[in-house]
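*Asks:* For reference, the sequence and a predicted model appear below.
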Amino acid sequence: MLHIRLELSNYESRLGEEVFVCGQHPALLNDLKMTYSPAGWYVAFDSTPEDLVSFKTYSYKTTWNQDVYKRQFPALTVSAQIVDDWTLPRSDPWFTSAMNVMLTASRTTVKAPVLAKSQTVFQVLVPYVQPHEEVFIVGSSKELGLWKIDEAVKMEHVGNRVFTTSPIVLSQLTEFKFVVKHCEDNFTWESGKNRAAQPVTQQINGFFRYPYKPEPKFAGVNVPVFSLNTKNSFGCGEFSDIKVLADFCKKAGLRVIQVLPIFDTINTQTWVDSYPYGAITVFALHPMYINIGQIKGVTKKVLEEVETLKPTMIPNAIEIQYEKVVAEKLRLMKKIYKHLVKQDRESLTKQIMTWAESSPEIKYWIQGYTVFKYLAETFKTVDFNKWTEQSFYDNAKFLALKDDQKQVFINKLFSNADGALLQDQQMDMLFYTWMQMQLDEQLFDAANYCRQHGIILKGDIPIGVNKVSLDTWERTSLFNMETSTGAPPDAFSATGQNWGFPTYNWELMANDDYKWWQQRFKHMGRFFDAFRIDHVLGWFRIWEIPGDCIKGNGRLGRFYPAMPIRWEWLEQKGIWDRQRLTQPWNPIDVIGKLISQEDCDYLEEEKLIQIVDGFIKLTKTEVQIDLYLQDKVKEGKLTREQYLTAIQGVVLLNANRCLSDDRRYKQFDCHPIFCNTVEGTETYSFSHLPAHEKDILRKFALEYFYKWHEEIWGDAASKRLPAIGRASDMLIVGEDLGLLAPVVPKKMGEYGLLGLRVQRMPADPTQDFWNCDQYDWMTVCTPATHDCSGLRSWWNDKKTAEKYWYQQLGRYGQDYMKDISAQDCKNILRKHLYSKSMVAVFLMQDLMSMDKNVHYPGDVTDEDINHPDVAEWNWKYHMHITLEEMMENGFAEECMKEVLDSGRII
């Protein structure tokens, strides 16, 4: 048995604060409390050598703080002391896996030394150390060079920017410091007082104390996986094409690859499913990204079929045929699978089951996904509300189960423990597990390839979950299914936004420490070393909309959590008529303003509205009317255009209110549905209130939208955001565009989230553009995101082009009326490259725009990935030339020169 003493040398605790060490080691399971001494906090425990290896991870926490660094016990054969530094704050990005990838990929490593009695091993994590730099230790004893830098002890890299000495026997109490050698005669000594080491058996672990704040910068490319074009692509970009993209990035000096969500979206079996944010699962990968030729067991016949089909899959290089790609890949995968089943059913089943149990990150979701997909195939719809009954499944009974009971049922059906499935049925079901196994292997291979080449692969986590999805089917209690997520009305949208996703039951999620979220992050961490949180505001508060509003209508929402307006406050000011304020108020003179006479007559004829005492009343909910009108379109009795104008009229009629009732305490509370600093958000109903009532409600709205919620939203984020740090060490970027309370950037900085800076979307509404020199280091900057048009397409808006021409490019004259030149595209990219932002990332088509020999020669709007103003957009953009061509025609070298000249790391 070994005696282990842990010492935390540099933590400055406050009065009443206690410090603990925690981990999976048997001695630490209940959080071992440490003792304070003037030298620091310490604790001792006994352990076998085997336990130090089996349960090697540990960390520190206090009454108020959490240690964020993942420490590991050294392999020991003797009793020893381990001296640790408290970590740098979470606000520093140095402990993220992204930094490891960027800074260690090309550095060789050695095996960590093993301590013997009376020996000391010194280790230090140097956050920012480039491949050509070396790390030394120098100190007051002979063993450490007597403070002479030319006799300092060189340290070796053991991985993840941790450097170690060989075991040293100290002859006396020794003071020391760590030093980084940049080049000959150029050193950085760490700051602060000298460290000290006693001549005992010990390992000393430190963090290099910089005398300045290193702020390395790098560049990257933003491109959906489906948009990639390589010589081997089959219909669209595939996971294996990421490796070719990594080769291009290495040659172009780009260190980040940013992609859109890559999860299974197959729902309607049409191009509508091309929307990558409409996933039916937050875990399972989309089959469109499979490389058929790399599937283990693929037959020669299938490979020949792939080659025959290739020319027909992308007849127009600039766009993918989503429906055809998905259909063909699923057909070919099923063909391969059936061949493998026929070849050796027993061996294949064992292989599938072994993989499904291979890690907690996979086991958490794969059984549910497999069963869900099989049932969707059986009932011919993903909408589980329409499922009925089979011999092995009763939908009504399943939906009535609690979440933990659902997991028991899913496990039994997946393993066929009760023999409910015939053998052929079970193999048909396990196809979906096998498919995910192939996708997982191919993406994992691509991710590791990126890591080995120092390329950070950055993923995307959407804020929402499809109402009809695996997650809402098997873990229903985690979601408020009677509500939707969206955004309040603003100057751009009088009815706000309604994305159709259910809101999260954060209170219930907190009961198991946000396990569902932590599983998402752990799963993402297998492939990615950075990720973007879509709509990071959702971690602070959400705009919660009643479920009877259709997608697109966000006006009737309210913030949650929030401090509502109390009805008693309004009554004290003489406002009593709740009905008038919270219900639609539509006198017939709204015709021609909110709804056309033609649409009004049609809806009345169909008995969807009625006119009573001079007021228009809806006879059904928005959702019911919408479904009715969609059926009329399917029957050919209503055109698509007529449907759109009619349903828009219904939305405006229903949203024509002043306040919305609180969902939880309707009798006591309400919420404003207009943002009073933007007059365009005030409704027709509001405009007809008495002037004094409008003034009162405007004052309350100002408090509600801008002043009341700083503390409430800050507290919510402080509970939720740490869950990310506990689950993952990925670098996090928060999509913080839109209406921001001051607490949002404050908390993002506190938890180490990078902000997003899109030049054409300034935070200050009085400005047309960000100035790139205003960005700070903890940001990602870009000229455009996937939700924006590319540079050349954007320039078609001549009013905006004129402003940019004069304000940002400092030009004169009318040349902005022409197509933007390759040189001016390059000038815009340079503004971002030369900014202080940690990452400057560019859409692939924007990178190509700076070279007239590379950019797309056709209609520039073909390069737009998405148009957010179009409810159902076909996500079909595909690079018009291959990555291999871009590596061969000199374009990669051109990119490299621009990155190098800007001083960013290549």
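*Replies:* Thanks, I have it.
*Asks:* which SS class is the closest residue in space to residue 33 that isn't next to it in sequence?
*Replies:* Excluding its sequence neighbours, the residue lying closest to residue 33 (CB to CB, 6 or more residues apart in numbering) is residue 20, at 5.5 Å. Every residue, glycine included, has its C-beta placed from N, CA and C. Assigned by DSSP: H, G, I helix; E, B strand; the rest coil, the conformation of residue 20 is strand.
*Asks:* got a list of what residue 20 touches?
*Replies:* Residue 20 makes contact with 31-34, 60-62 under the criterion CB atoms under 8 Å, 6 or more residues apart in numbering.
*Asks:* what do you get if the cut-off is 10 Å, keeping everything else the same?
*Replies:* Under the criterion of CB atoms under 10 Å, 6 or more residues apart in numbering, the neighbours of residue 20 are 28, 30-34, 41, 43, 59-63, 67.
*Asks:* For it, give its distance to residue 700.
*Replies:* Look at residue 20 and residue 700: by CB to CB, to the nearest Å, they are 46 Å apart.
*Asks:* Also residue 367?
*Replies:* 50 Å.
*Asks:* Equivalent analysis for residue 537, please.
*Replies:* 22 Å.
*Asks:* Point out where the stretch 401-550 of the chain drops to low pLDDT.
*Replies:* 491-492 (pLDDT under 70).
*Asks:* the helices in it, which residues?
*Replies:* 403-415, 423-452, 470-474, 506-510, 515-525 (DSSP state H, counting those that start in this stretch).
*Asks:* Buried deepest among those, which one?
*Replies:* helix 470-474 (a mean of 23; mean count of other CB atoms under 10 Å).
*Asks:* For that one, output the C-alpha coordinates as PDB.
*Replies:* C-alpha atoms of helix 470-474 as PDB (Å, rounded to 0.1, in the frame of the first residue of the first chain):
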ATOM      1  CA  LEU A 470     -36.000  10.500 -31.100                       C
ATOM      2  CA  ASP A 471     -35.200  12.700 -28.100                       C
ATOM      3  CA  THR A 472     -38.800  13.900 -27.600                       C
ATOM      4  CA  TRP A 473     -40.100  10.300 -28.100                       C
ATOM      5  CA  GLU A 474     -37.900   8.600 -25.500                       C
END
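*Asks:* which helices and strands does it pack with?
*Replies:* If contacts are counted by 3 or more CB pairs under 10 Å, 6 or more residues apart in numbering; DSSP states H and E, helix 470-474 sits against helix 360-379, helix 395-400, helix 403-415.
*Asks:* change it to 7 Å
*Replies:* helix 360-379 (3 or more CB pairs under 7 Å, 6 or more residues apart in numbering; DSSP states H and E).
*Asks:* Give the pairing partners of the very next helix or strand once past the helix it packs on; include direction for each.
*Replies:* Next helix or strand after helix 360-379 toward the C-terminus (DSSP states H and E): strand 389-390. Strand 389-390 pairs in its sheet with strand 393-394 (antiparallel), by DSSP bridges.
*Asks:* before we move on, back to that, quick one: which of the contacts of residue 20 is nearest residue 577?
*Replies:* Distance to residue 577 across the contacts of residue 20 (CB to CB) is lowest for residue 63, with 51.2 Å.
*Asks:* Please tell me I have it right and that closest one contacts residue 17.
*Replies:* Yes - Residue 63 is within contact range of residue 17, at 4.8 Å (criterion: CB atoms under 7 Å).
*Asks:* wait, isn't residue 393 in contact with residue 372?
*Replies:* No - Residue 393 is beyond contact range of residue 372, at 10.9 Å (criterion: CB under 7 Å).
*Asks:* Tell me which of those two has more neighbours.
*Replies:* residue 372 (23 against 19; other CB atoms under 10 Å).
*Asks:* What sits closest to that one if chain neighbours are left out?
*Replies:* residue 470 is the one closest to residue 372 (CB to CB, 6+ apart), at 4.6 Å.
*Asks:* Would you mind measuring from the one you found to residue 283?
*Replies:* Relative to residue 283, and taking CB to CB, residue 470 is found at 8 Å.
*Asks:* intersection of neighbour lists for the two?
*Replies:* Shared contacts of residue 470 and residue 283, defined by CB atoms under 7 Å, 6 or more residues apart in numbering, comprise residue 369.
*Asks:* Can you list the neighbours in contact with the helix or strand of the chain with the lowest mean pLDDT?
*Replies:* Counting by mean pLDDT, DSSP states H and E, the chain has its least confident helix or strand at helix 722-727, which shows a mean of 85. By CB under 7 Å, 6+ apart, the surrounding residues in contact with helix 722-727 are 66, 68, 90, 513-514, 517-518, 521-522, 732, 751.
*Asks:* Then stretch 692-706?
*Replies:* So stretch 692-706 is contacted by 565, 573, 575, 658, 671-672, 674-677, 686 (CB under 7 Å, 6+ apart).
*Asks:* Over to stretch 26-41?
*Replies:* Contacts for stretch 26-41 (CB under 7 Å, 6+ apart): 7-11, 18-22, 42-43, 45, 47, 51, 58.
*Asks:* how long is it end to end?
*Replies:* 21 Å (CA to CA, to the nearest Å).
*Asks:* Would you mark the buried spots in it?
*Replies:* 27-28, 32, 34, 40-41 (16 or more other CB atoms under 10 Å).
*Asks:* now stretch 783-791
*Replies:* For stretch 783-791, by 16+ other CB under 10 Å, it's 783-786, 788-791.
*Asks:* any idea how far residue 474 is from residue 399?
*Replies:* Here residue 399 is placed at a distance of 10 Å from residue 474 (CB to CB).
*Asks:* Check residue 35 too.
*Replies:* Counting by CB to CB - residue 35 and residue 474 are separated by 46 Å.
*Asks:* now do residue 633
*Replies:* 33 Å.
*Asks:* Same check on residue 209?
*Replies:* 48 Å.
*Asks:* Over to residue 495?
*Replies:* For residue 495, the distance to residue 474 (CB to CB) stands at 33 Å.
*Asks:* go on, residue 118?
*Replies:* Applying CB to CB, the value for residue 118 to residue 474 is 57 Å.
*Asks:* Also residue 610?
*Replies:* Residue 610 is 42 Å from residue 474, by CB to CB.
*Asks:* how's this structure carved up into domains?
*Replies:* Listed by automatic domain parsing, the domain ranges of the chain are 2-207, 219-474, 475-558+709-743, 559-698.
*Asks:* Ok, which of the ones you listed comes nearest residue 852?
*Replies:* If we rank the domains of the chain by CB to CB, the stretch that ends up nearest is domain 219-474, at 17.1 Å.
*Asks:* returning to what we had before: can you name the two of the buried residues of stretch 783-791 that are farthest apart?
*Replies:* 786 and 791 (13.6 Å).
*Asks:* For the residue nearest the centre of the chain, which residues are in contact?
*Replies:* For the chain, the residue nearest the mean C-alpha position is residue 461 (2.7 Å; CA atoms, centre = their mean). For residue 461, the contact set (CB under 7 Å, 6+ apart) comprises 520, 524, 531-534.
*Asks:* can you count the residues close to residue 307?
*Replies:* 10.
*Asks:* so who does it touch?
*Replies:* Going by CB under 7 Å, 6+ apart, the list of residues near residue 307 is empty.
*Asks:* and it, what helix or strand is that in?
*Replies:* helix 300-313.
*Asks:* next structured bit after that helix?
*Replies:* helix 322-356.
*Asks:* What is that following helix packed up against?
*Replies:* Partner elements for helix 322-356 (3+ CB pairs under 7 Å, 6+ apart): helix 300-313, helix 360-379, helix 423-452.
*Asks:* Relative to residue 326, which of those helices is closest?
*Replies:* Taking these one by one with CB to CB, helix 300-313 is closest: 11.3 Å.
*Asks:* And the longest strand anywhere in the chain, what's buried?
*Replies:* If you go by DSSP state E, the chain has its longest strand at strand 174-183. Buried residues in strand 174-183, counted by 16+ other CB under 10 Å: 174, 176-181.
*Asks:* give the contact list for residue 201.
*Replies:* By CB under 7 Å, 6+ apart, the contact list for residue 201 reads 78-81, 115, 117-119.
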